[in-house]
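Visitor: one predicted model, sequence on top.
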Amino acid sequence: MPISSWPRVVVTGAAGSVGGFAVELAAARGFTIIGVVREGQQQDALGLGATAAVSAAAVDLGAAVREIVPRGADALLDTASIAGPALAAIRDGGKYVTVTGLPAAERGIDVFRSGGRMDAPALHALANMATSGRLHTPVAHTCSIDNARAAYAVFGERTGRGRLVLSFPGT
């Protein structure tokens, strides 16, 4: 069933660390979110607030998204570094935001790279959302700082959603 409400936003890596937060924050603002996820993570993205989820392994990502949003999404946040193929999911004149490299613009799509900046009020608001349970920060694994080498190995092997937490003795 096509989604017609506006704004329609695609988030790649929608079940991952950055993308998962983006899905929750966009859903809290009332956006319609189409999550692009690894196979088997569709329910994770839906649980975070995505309206629909498609596999990142789709042969034609643009076609997969356009089955849900026939005219294309209004914007796409690329947290999974898909780049060029992701542009096909965006309507003409839409917006593309990435956290890595920029693809060449096409069809009037504005392309942007997001960067961090210090914003104490925004950080305070995010902390309040996390404390109240409106922003989820799942922990996948905890390692002692004394065993940081093992933590690094776990970090390299993880495929699911959740943070790796290093704990200090006595905490």
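Guide: Done, it's in.
Visitor: just give me the neighbour total for Asp78.
Guide: Per other CB atoms under 10 Å, the neighbour tally for Asp78 reads 28. Backbone N, C-alpha and C define where each C-beta goes, glycine included.
Visitor: what number of residues lie near Tyr152?
Guide: Neighbourhood size, Tyr152 [other CB under 10 Å]: 13.
Visitor: what pLDDT is listed against it?
Guide: Per-residue pLDDT puts Tyr152 at 73.
Visitor: CA atoms only for the helix or strand where it lies, dumped as PDB, please.
Guide: Per DSSP states H and E: Tyr152 is located in helix 148-157. Presented in PDB, the C-alpha positions along helix 148-157 are these (Å, rounded to 0.1, in the frame of the first residue of the first chain):
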ATOM      1  CA  ALA A 148      39.500  -3.500  25.900                       C
ATOM      2  CA  ARG A 149      41.200  -5.800  23.400                       C
ATOM      3  CA  ALA A 150      38.300  -8.200  23.700                       C
ATOM      4  CA  ALA A 151      35.800  -5.300  23.400                       C
ATOM      5  CA  TYR A 152      37.500  -4.200  20.200                       C
ATOM      6  CA  ALA A 153      37.100  -7.700  18.800                       C
ATOM      7  CA  VAL A 154      33.400  -7.800  19.800                       C
ATOM      8  CA  PHE A 155      32.900  -4.400  18.200                       C
ATOM      9  CA  GLY A 156      34.300  -5.700  14.900                       C
ATOM     10  CA  GLU A 157      32.000  -8.800  14.900                       C
END
